[in-house]
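*Asks:* Predicted coordinates and the sequence they were generated for:
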Amino acid sequence: MKTNFLVFIFLAIIMLGCKKEDNNSPDPEPVTEITIDSKPSFQGTINDKTFSWDQTNSVSVQGASLGIAYYPDTSEFTYNAHLSSLDFETTFISIYIGTLYLPGGGSPTNEEFSAFFKTGTLPYSANLLHGIEIRYWDENNTMFSSAFGTANQTNSTFTFDELKEEPFYDRMNIKFKASFDCYLYDESGNFITLTNGVYVNYFGNM
């Protein structure tokens, strides 16, 4: 028997300057260089528009889909990391990774969770069996995904450049720096291109 949970945890909201007095969120501050030691950040070009955010004026969110099974079944886990503008209206980009399998059921230890993540290239995957999905929401709140439409990712790339363990109380976070290029499709099959993407954020052992 397996129970599925969706978990979303807000990590932090950090704003520069005085307390916001109205509903207008500040424009994203430019990020000149993103490293593994940067705050959660994204930089990239979608079609002809370049985006650049960091956590001084954005929201970082961790999530997971937890398919917790009981012996003798197998548990299945996927993880995701999100970054958006403070008002969630300017843009929203996410990376999903799967799937961590635990034969015999239960939840992963911090050691099992950490061992799931490796530096190097990963394929794009339409069902997250073993790979990556990128999602992006535009200014009209239309969602585009590397897994929608034809999901064709010819000549697309995704690489975990660096990974770092960062314990948080009794659970483990994996901080990552990823670089990628891909096609993103809406539900009607229309596509946009994401190039020179660089993303730093966290996956968390829920």
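*Replies:* Structure's in. What do you need?
*Asks:* In terms of helices and strands, where is Lys177?
*Replies:* Under DSSP states H and E, the secondary-structure element containing Lys177 is strand 171-185.
*Asks:* mind checking how far that strand is from the chain centre?
*Replies:* Centroid displacement of strand 171-185 relative to its chain, using CA atoms, centre = their mean, to the nearest Å, is 5 Å.
*Asks:* same deal with stretch 177-186?
*Replies:* Worked out by CA atoms, centre = their mean, stretch 177-186 lies 11 Å from the chain centre.
*Asks:* Could I get the buried residue list for the strand holding Lys177?
*Replies:* 172-185 (16 or more other CB atoms under 10 Å). The way it works is simple: take the backbone N, C-alpha and C, and place the C-beta from them, glycine included.
*Asks:* And for stretch 77-94?
*Replies:* Residues 77-86, 90-94 are the ones in stretch 77-94 that count as buried (16+ other CB under 10 Å).
*Asks:* which one among the residues you listed gets closest to Asn57?
*Replies:* Distance to Asn57 across these (CB to CB) is lowest for Leu86, with 6.1 Å.
*Asks:* so that closest one touches Gln55, yeah?
*Replies:* No. The criterion here is CB atoms under 8 Å, and Leu86 misses it with Gln55 at 10.2 Å.
*Asks:* all helices for the protein, in order.
*Replies:* 110-116 (DSSP state H).
*Asks:* which one in it is furthest away from the centre?
*Replies:* Pro72 (30.9 Å; CA atoms, centre = their mean).
*Asks:* Quick one, grab the pLDDT at that residue.
*Replies:* Pro72 carries a pLDDT score of 94 in this model.
*Asks:* again with Arg171
*Replies:* You'll see Arg171 listed with a pLDDT of 92.
*Asks:* Likewise for Ile13?
*Replies:* Ile13 carries a pLDDT value of 32.
*Asks:* Pro167 - how many residues pack around it?
*Replies:* Close neighbours of Pro167, defined as other CB atoms under 10 Å, add up to 11.
*Asks:* same thing with Ser60?
*Replies:* When neighbours are counted by other CB under 10 Å, Ser60 registers 23.
*Asks:* any idea how far Ala126 is from it?
*Replies:* Applying CB to CB, to the nearest Å, the value for Ser60 to Ala126 is 26 Å.
*Asks:* what sits against the residue lying closest to Phe168 once chain neighbours are set aside?
*Replies:* Residue nearest to Phe168 in three dimensions, not counting chain neighbours: Gly204, with 7.2 Å by CB to CB, 6 or more residues apart in numbering. If you count contacts by CB atoms under 8 Å, 6 or more residues apart in numbering, Gly204 has them with Ile9, Gln62, Ala64, Tyr79, Phe168, Arg171, Met172, Asn173, Ile174.
*Asks:* sorry, back to before: point out the other helices and strands that the strand holding Lys177 packs with.
*Replies:* Under the contact criterion of 3 or more CB pairs under 8 Å, 6 or more residues apart in numbering; DSSP states H and E, strand 171-185 touches helix 110-116, strand 131-137, strand 143-145, strand 157-168, strand 191-204.
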